[in-house]
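Novice: turn this into a model:
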Amino acid sequence: MTLHVQGELRWRDRAGCFTPLPATLPMALLLVLARDGARRTRGELAALFWPDAPTEVAALNLRVNLHKARRLLVELGAANELETDRHTLRWAPPLDLPPLAKATGPIAVGFTLPGFDRFETWLRAWRDRSSSLSLELVAEPDDTDEIASPLRAAHFYGRRVELARLRAANFAAQLVIGEPGVGKTALIEAAFAPCVWLRCRETLRQASFCVVAELFSSHPQWLTELGPYRLDLARLLPELAPNEPLPPLDALTARTRLFEAMARVLEAQVTRLAVDDLQWADHATVDWLVILAHRGRVRWVATVRRGELPTEVLAVIRGMERRGLLGELVLGGLDRSALNCVLHERRPDLAGPPGAPGEHAWLHALWSYTGGNAFFAIEIADGLQAGDEPNKLGDLPLPARVAVAIKQRLAALGPEALAVVQAAAICIGQPALNFLAATTGLAPEDVLRAMEEGERFGLLDNGGVRHDVLREGLLAEMLPARAAELHRRAAEVLDAAGAEPEMVAHHWMAAGRPDAAAPWFLRCAQRLKQLGDRDGAVALLERVRELSTDQTLILRVEVMLAQERLFDDLPAGRQALESILARAACLPPGDARWAIEAHVLAALTDNAVFGGDLSQAVVYLGPLRGKIDGLPADVRVEAHQVIIEAAMRLDDLALAKASLQALREAQCPLPVILSFEAQIHWFAGDLPAARAVFETLLVRHADYCQGITIENDLAVVYFALGDLGAAEAMARRSLKSWAGVAHTEALSLLVLGATLTSLARFEDAAAALDRAELLGRAQGSARFVGEAQVRRAMLLWAQGQDKAAQRCALSARATCGQTVETLRQSAVDLAIVLGGGARKDGLAIEASGRLAELVEGARHPLALVRCWRGIGAAAEAAGDRRRALHAARRQEAVAARSGLAEWRCEALWRIARQAGGAEAEGARAEALALAHSMGFGCLLQRFEANQVRRHARG
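Specialist: Alright, predicted model coming up:
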């Protein structure tokens, strides 16, 4: 007679006839017992089929279905009876599949038991294992007493170092320590299989030797030859002498002889004993294990949750360690590689397109979410559905067994430890001791003790929740009112500590206080703007407008949204700001109205500056400076930034430096301070210093490149200094960083067009400048349109189109109007002069007169060299050789002093043309050498053309 498990489940009788077996609960019980014919405890089977039922109910269900199983065996005529006693069960019929053999076909085809998920998992794992040639063991799905190792399934992965250490250790006793579900039991099974297990259970920790009695009862062959210790062991197992009186002994003697009897029985049968969940062992069992370790004939290795070891047991463990009898191995979570193997084995259907060769689609999400805890990872993986997404793992409900396991850990905590663990659960990251103290209201020393307790129970790690599964479980167990109160306290503590606005906003929202969260979201939006995430900033601002009922805050949001139009539509932004200013006048007088008005004035000043209307900027700047004292910190910081932008262009560097100092005192982010410091160096004419600060900013704070125009500004400096290759590279890098932002794209295209002109790549330069002008017109920026026209005028002049160049320069002057910026004025007038060519041109003469006036008060070296260049060109056109030579020498001196290489190169060439003798030859040679070494393609073309004309005349 044989039980056939391959294919359909069938019973073959003595006559060779097959009887199909039903997919019923009694048959499922028999199938579990028959798998390897080993003796199983009643608790194991009850936990497999009724894990969530109370112990008494599960035991009753088991008895009823065992009775039905016996009747089924009678009907089948099975010779192998179901063996039972008070604690264990056994049924070992012949199978058509030997244990650990590879199946030639699927196991128990069609056998399914809906509603019994743990049994289904067990059966699926048996099928998987039997279809594989691998004989390795698996990391167990659970580290509690709910299901014993023979019912665990699949394969063991990873842990090579831990396996080697466990096998090589030479202690009489070893502890494998780790949080529940991390894989302690599976490690022991993999290291020492086959194992004899002493399985401690929480429900039996008050019953002396109960688990030892179960161990001996499950191995009746051990109890056949007990000799003089039979009656002593009968005190533990009465069935050994059911009708014999036990010898009268005092308690100490009886205990000693019982210990000796149990030790002798075990030592006669095994050399190593595995103990599951030592923290739940009763005191008598612990004492017996200590005796075994001292006797040294049977080594034992135990799994343990250190945090749950009773104090007296912990003292015993420490004593054994001091005597060299016991060693410890602390076990962490599975590594990525091991978890990847587990996922491929259990859920090949969800492997999907891997992120790397062989990488399961859910690996990264599950490993991060569970911290590598095998039980949690397997339970969650088994519950995944086809439509679930890894990036939404946190939105899925926790499996019931995971939630129960976390709840059990919480139940073991003291009230102070529970309060601290709950406070840590609501936090983002690793909370500080002082934060937990303030949130819970406990003294720091009490919090420290509570944190240690949380770490012992595997819930905390360095003060923070160990991983997200635990966090989800902790939050699920917390009552909403408690969670809201903790979030409120956390928000207040973080606010007082000056924490990141994102964290404060998060806690106010979780506390159900969107009105309190709104100002913090506003600060988050300001941070995102600095980092260049304009879309993210706008989204947050829109959210603040939805959340808040504070009209003042809503107006501030609208100001910031209008400021965003600086990047794409200046007139629309200005119109919105003027409307907000009018609405602010309806607010009651006071600080709130004052702050809104100052905020709007700052935004209008910025709008005017970037629109090229400095005269209008001056109109706004006066009232803004009058309101700056007493403003909220963030508005005051923004006002000072705007004042710097305007003051630099108005040549009021003292005002700019004063506002920069105010930013430092307000502890403005360092990248912002460095950016303004470099810009002040630029407008002060100290170009090498500006270059040094911008380069430092780029190296140390590259993450701000999309919030601050670092790359564009550095390209401008490189171009001015004549480093054309670096200027082009940085301009293109800026275009990439700011792609889609019209404002900065226009700026970068302007410097790129000028750089390409100097490199004599005229076609590319024209395309860049055309695009810059187009973007400038789209933004409504007269400044950008005028700048593009000036640079195109210089391009046309470089190509020999003097008249077209002058017309373009005149268009730029008309576009820009009267300007007080020396840099812009000098650029426009120089283009007009050069466009006049060698003829006596009235417009050129007027422009050269303006340059002559400007040179007297100009301080910026770029303005000075432009002035002297224009004065020299006008002198040449007038035939005034001496004045032209004087202008060329002054241009060379300024350029040499300031490091303006291209301007110096051109000045040297003009000196060579106007001077004579050795001075001319020396200047010509130096100009050619400098132009070749720096790659000044446009100058080289002009030099060559001049040489040709000179030879033609000669």
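Novice: who touches stretch 676-686?
Specialist: Contacts to stretch 676-686, defined as Cβ atoms under 8 Å, 6 or more residues apart in numbering, come from residues 641, 644, 648-649, 651, 653, 656-657, 660, 663, 687, 689-690, 693-694, 697, 713, 716-717, 859-862, 898. Every C-beta, even on glycine, is put in place using the N, C-alpha and C of the backbone.
Novice: quick one: mean pLDDT for it?
Specialist: For stretch 676-686, mean pLDDT rounds to 94.
Novice: equivalent analysis for stretch 856-865, please.
Specialist: Mean predicted lDDT for stretch 856-865 stands at 92.
Novice: kindly report the same for stretch 713-727.
Specialist: Rounded mean pLDDT across stretch 713-727 is 95.
Novice: buried residues in that stretch, which are they?
Specialist: Neighbour counts over stretch 713-727 (16 or more other Cβ atoms under 10 Å) mark 713-724, 726-727 as buried.
Novice: ditto for stretch 311-331
Specialist: Buried residues in stretch 311-331, defined by neighbour count with 16+ other Cβ under 10 Å: 313, 316, 317, 320, 325, 326, 327, 329, 331.
Novice: farthest pair in those residues?
Specialist: Greatest spatial distance in the buried residues of stretch 311-331: 316 and 331, 21.4 Å, computed using Cβ to Cβ.
Novice: follow-up on the earlier one: in CSV: the buried residues of stretch 311-331, plus pLDDT.
Specialist: Shown next, in CSV, are those (pLDDT from 0 to 100):
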residue, pLDDT
313, 91
316, 93
317, 93
320, 94
325, 94
326, 95
327, 94
329, 93
331, 90
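Novice: go through the residues you listed and flag which are in strands.
Specialist: 326, 327, 329 (DSSP state E).
Novice: list the contacts for the last one?
Specialist: Under the criterion of Cβ under 8 Å, 6+ apart, the contact list for residue 329 reads 162, 165, 166, 169, 174, 175, 176, 177.
Novice: let's see it at 7 Å
Specialist: Residue 329 makes contacts with 162, 165, 166, 174, 176, 177, as judged by Cβ atoms under 7 Å, 6 or more residues apart in numbering.
Novice: how close does the first one sit to residue 188?
Specialist: Meaning residue 162. Counting by Cβ to Cβ, to the nearest Å, the gap between residue 162 and residue 188 amounts to 10 Å.
Novice: where does residue 300 land in three-state SS?
Specialist: State at residue 300, reduced to three classes by DSSP: H, G, I helix; E, B strand; the rest coil: strand.
Novice: export the buried residues of stretch 713-727 to TSV and tack on distance to residue 804?
Specialist: Listed next are those as TSV, based on distance: Cβ to Cβ, whole Å:
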residue	distance to residue 804
713	31
714	32
715	27
716	26
717	30
718	28
719	23
720	25
721	29
722	26
723	29
724	24
726	30
727	25
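Novice: residue 175: helix or strand, and which one exactly?
Specialist: Counting by DSSP states H and E, the element that carries residue 175 is strand 173-177.
Novice: what angle do that strand and strand 326-330 make?
Specialist: 20 degrees (axes from the mean of the first three to the mean of the last three Cα atoms, to 10 degrees).
Novice: avg pLDDT for strand 173-177?
Specialist: 95.
Novice: now do stretch 510-530
Specialist: Looking at stretch 510-530 alone, the average pLDDT works out to 88.
Novice: which parts of this structure are strands?
Specialist: In the chain, strands defined by DSSP E lie at 2-4, 10-12, 18-20, 40-41, 83-84, 88-90, 173-177, 197-199, 272-276, 299-304, 326-330, 460-461, 464-465, listed in chain order.
Novice: wait, which of those strands is closest to residue 579?
Specialist: Closest of the strands of the chain to residue 579 is strand 464-465, at 47.7 Å (criterion: Cβ to Cβ).
Novice: elements contacting the closest one?
Specialist: Other elements packing on strand 464-465 under the criterion 3 or more Cβ pairs under 7 Å, 6 or more residues apart in numbering; DSSP states H and E are helix 415-425.
Novice: list the buried ones in the helix it packs on?
Specialist: 416, 417, 418, 419, 420, 421, 422, 423, 424, 425.
Novice: show me the contacts for the first one.
Specialist: The one in question is residue 416. 442, 446, 450 are the contacts of residue 416 under Cβ under 7 Å, 6+ apart.
Novice: the last one reaches residue 423, doesn't it?
Specialist: The reference is to residue 450. No. With contact defined as Cβ atoms under 7 Å, residue 450 does not reach residue 423; the gap is 9.4 Å.
Novice: how near is the closest residue to residue 678 other than its chain neighbours to residue 674?
Specialist: Leaving out its chain neighbours, the residue that sits closest to residue 678 by Cβ to Cβ, 6 or more residues apart in numbering is residue 693, at 3.7 Å. Distance, residue 693 to residue 674, by Cβ to Cβ: 6 Å.
Novice: more neighbours: which of these two?
Specialist: The neighbour comparison of residue 693 against residue 674 (other Cβ atoms under 10 Å) goes to residue 693, with 24 against 20.
Novice: surely that one touches residue 671?
Specialist: No. Look at residue 693 against residue 671 with Cβ under 7 Å: they stay out of range, at 11.0 Å.
Novice: end to end, how far does stretch 162-178 reach?
Specialist: Using Cα to Cα, to the nearest Å, one end of stretch 162-178 lies 12 Å from the other.
Novice: outside of that stretch, which residues touch it?
Specialist: With contacts defined as Cβ under 7 Å, 6+ apart, stretch 162-178 is touched by 184, 187-188, 190-191, 293, 296, 299-304, 306, 320, 325-331.
Novice: just the buried positions in stretch 190-199, please.
Specialist: For stretch 190-199, the neighbour count (16+ other Cβ under 10 Å) marks 190, 191, 192, 195, 196, 197, 198, 199 as buried.
Novice: ok, now stretch 523-539?
Specialist: Buried residues in stretch 523-539, counted by 16+ other Cβ under 10 Å: 523-534, 537-538.
Novice: nearest to residue 932, of these?
Specialist: residue 532 (39.0 Å).
Novice: mind listing what that closest one touches?
Specialist: Counting by Cβ under 7 Å, 6+ apart, residue 532 makes contact with 706, 707.
Novice: the one 10 residues further on now?
Specialist: By Cβ under 7 Å, 6+ apart, no residues touch residue 542.
Novice: i'd like the first residue to be 449 from this point on
Specialist: Yep, numbering from 449; the last one is residue 990 now.
Novice: how far does stretch 656-672 sit from its chain's centre?
Specialist: Distance of stretch 656-672 from the chain centroid (Cα atoms, centre = their mean, to the nearest Å) equals 53 Å.
Novice: give me the residues contacting that stretch.
Specialist: 487, 489, 533, 535-536, 646-649, 652, 684-685, 688, 710, 713, 717, 730, 732-733, 736.
Novice: just the buried ones from the residues you listed?
Specialist: Listed as buried from the contacts of stretch 656-672 are 487, 489, 535-536, 646-649, 652, 684-685, 688, 710, 713, 730, 732-733, 736; burial here means 16+ other Cβ under 10 Å.
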